[in-house]
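Visitor: return atomic coordinates for the entry below.
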Amino acid sequence: MAGRRESLARRADPRRIAAEAARRLLDGRETDPESALRSAALAAGCRDASRWPSAEAVVEAALTERRLFDSPRHLEHLGRLRRRALEAMRYLAAFEPRLVGGVLDGWAGDGAAIDLQLFTDEPDAVMLRLLELGLRPRTLPARATVLPDLAHERLDFIAGGDPIRLSVYRAVALRRRTTAPGLRRAAIAEVEALVVAG
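Guide: Here you go, the predicted model:
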């Protein structure tokens, strides 16, 4: 019995959970650090969220894995995704776009979506703008969010072969945190600086 308890404790070690969550992000099983963390912790039998690592620790583990195993190819891919994100943000500038997730943080892999948050009190205007651009977005199922009371909808579409996912929030949410603690979001100027820095 003691051996089984030790085995469970080892599996529930925060570093192990962070590493497993990072693997789930990198292989595409999960699309964001929070859901990767939740699924990795539950798979390890750890239901006590106070024992989980932070979403920031998951991102750091994913970045470490990227640096160790596929840096040159990954950097080229990441640069292309960031340029595509910047292009989309410029087209959607009226909605105060913010880049979040793997393309911003640097862990995005093959097939990763470009995650943008938009802020408006007229969500129909987002759909109209996409239709003007010749895009046919589809509505995604709602998911747990940091600000569920301020979220309008989620949309996705393909632009230039890359998936782009939009989370549309009420305008007031721009002044509040819309990511897990420790995770970033970036405005157009910040993404421009990333693209220039290469």
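Visitor: poorly predicted segments of the chain, please.
Guide: 1-11, 70, 142-146 (pLDDT under 70).
Visitor: all strands of it, in order?
Guide: Counting by DSSP state E, residue ranges of the strands within the chain are 98-100, 114-119, 138-139, 151-159, 162-169.
Visitor: now the ones you listed as JSON lines including distance to Gly28 and mean neighbour count?
Guide: Where C-beta positions appear, they are placed from N, C-alpha and C, glycine not excepted. JSON lines is the format used below for the strands of the chain (distance: least, Cβ to Cβ, whole Å; neighbours: other Cβ atoms under 10 Å):
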{"stretch": "strand 98-100", "distance to Gly28": "17", "mean neighbour count": "24"}
{"stretch": "strand 114-119", "distance to Gly28": "14", "mean neighbour count": "24"}
{"stretch": "strand 138-139", "distance to Gly28": "19", "mean neighbour count": "9"}
{"stretch": "strand 151-159", "distance to Gly28": "15", "mean neighbour count": "17"}
{"stretch": "strand 162-169", "distance to Gly28": "11", "mean neighbour count": "22"}
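Visitor: can you add distance to Leu131 and give those back as a markdown table?
Guide: Below are the strands of the chain laid out as a markdown table (distance: least, Cβ to Cβ, whole Å):
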| stretch | distance to Leu131 |
| --- | --- |
| strand 98-100 | 22 |
| strand 114-119 | 15 |
| strand 138-139 | 13 |
| strand 151-159 | 10 |
| strand 162-169 | 13 |
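Visitor: quick one, which of these is nearest to Arg47?
Guide: Nearest to Arg47, of all the strands of the chain, is strand 151-159, at 26.2 Å by Cβ to Cβ.
Visitor: can you tell me what sits against the closest one?
Guide: 84, 87-88, 113, 120, 123, 126-127, 130, 135-143, 145, 163-170, 173 (Cβ atoms under 8 Å, 6 or more residues apart in numbering).
Visitor: what strands line up against it, and which way round?
Guide: Take DSSP bridges as the rule and strand 151-159 pairs in its sheet with strand 138-139 (antiparallel), strand 162-169 (antiparallel).
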